[in-house]
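model this:
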Amino acid sequence: MTPYVLVVEDEDALATLLHYNLDKEGYQVAVAADGEEALTLASERAPDLVILDWMLPKVSGIEVCRRLRGRTDTRNVPIIMLTARGEESDRIRGLDTGADDYVVKPFSMVELTARVRAVMRRIRPALADDRITVGDIVIDRVAHRVKRQGKEVHLGPTEFRLLDYLMQHPGRVFSREQLLDAVWGSDVYVEARTVDVHIGRLRKALNGSTEADPIRTVRSAGYSLDVEAA
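Model prediction:
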């Protein structure tokens, strides 16, 4: 499945920037504005990675980190701590509490996304690859580009995530509901037929006028990426 990242940040502008850049990288992103909301979201669905601000309302980042480490389902979830505290003693405290990495504000998004990819490579190597190739289709997560038979394919952000997910599981059939949950997220209400619309756009972009259709429609079941046609 698409890696799920929980961003815990109370500064609206930074939270929006983090969401945008991580979404562009192909991750599924949820944002919590305080420590209590973060713990609630994590209990509803264990994230694959947490980006956690140190200074938070209600429950501090350090306490959130401690509680996540105390739960069975989030004990091993990687945590990247964000903070304006650059002193060595603060970094040591954050790491001792259970953080896997430590980024001092202000930071560049290029640096942060590189650190996220590095953590993902350690815990889920197959999903952290910068490029995936299935047949004649190549998806580049870093450059956010897709090529088929060497030609550039222009996709919108939703079609990009949809293709990314299908390419992670070539040949497997997914129902509309499974694709909605993986690509749009379980906390967003979207009509199941929306999947058909985006599959149609993805097909149009991938196929051009001559290429074989790599997306197979399975009657009463859903869609899959056909390895032989790709």
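
show me what counts as buried in stretch 59-78.
59-62, 64-65, 67-68, 74, 77-78 (16 or more other CB atoms under 10 Å). All C-beta spots, glycine's among them, are computed from the backbone N, C-alpha and C.

ugh, wrong one, I meant stretch 212-230
Applying 16+ other CB under 10 Å to stretch 212-230 flags 214-216, 222-226, 230 as buried.

now, the most widely separated pair of those?
Farthest pair in the buried residues of stretch 212-230 (CB to CB) is G222 and A230. Separation: 17.2 Å.

excluding its backbone neighbours, what's nearest T2?
Once flanking residues are discounted, T2 sits nearest to Q28: 4.8 Å by CB to CB, 6 or more residues apart in numbering.

now A114: which helix or strand?
Here A114, judged by DSSP states H and E, is contained in helix 109-123.

give me the contact list for that helix.
Helix 109-123 has contacts (CB atoms under 8 Å, 6 or more residues apart in numbering) with 3, 5, 17-18, 21-22, 25, 27, 48-49, 51, 78, 80, 100-101, 103, 127-128, 130, 142.

show me the domain layout of the chain.
2-125, 129-223 (the TED database).

now the shortest one: mean pLDDT?
Right, domain 129-223. Average pLDDT, domain 129-223: 86.

likewise the first one?
Domain 2-125 shows an average pLDDT of 87 in the prediction.

just name the most buried of the domains of the chain.
Comparing these by mean neighbour count (mean count of other CB atoms under 10 Å), domain 2-125 comes out on top with a mean of 18.

distance between that one and the chain's centre?
Centre-to-centre, domain 2-125 and its host chain are 13 Å apart (CA atoms, centre = their mean, to the nearest Å).

do stretch 156-176 as well
Chain-centre distance of stretch 156-176: 13 Å, with CA atoms, centre = their mean.

over to that stretch now: how far is its first residue from its last?
Distance across stretch 156-176, first residue to last, is 19 Å (CA to CA, to the nearest Å).

quick one: contacts for the most centrally placed residue in the chain?
In the chain, the C-alpha nearest the mean C-alpha coordinate belongs to Y27, at 1.4 Å (CA atoms, centre = their mean). Y27 sits next to 2-5, 116 when contact means CB under 8 Å, 6+ apart.

for L17, give its distance to E63.
Relative to E63, L17 is positioned 25 Å away (criterion: CB to CB, to the nearest Å).

then R172?
Note on R172: its distance to E63, by CB to CB, is 40 Å.

what does R216 give?
From R216 across to E63, the span is 48 Å (CB to CB).

likewise S108?
In this structure, S108 and E63 are 28 Å apart, going by CB to CB.
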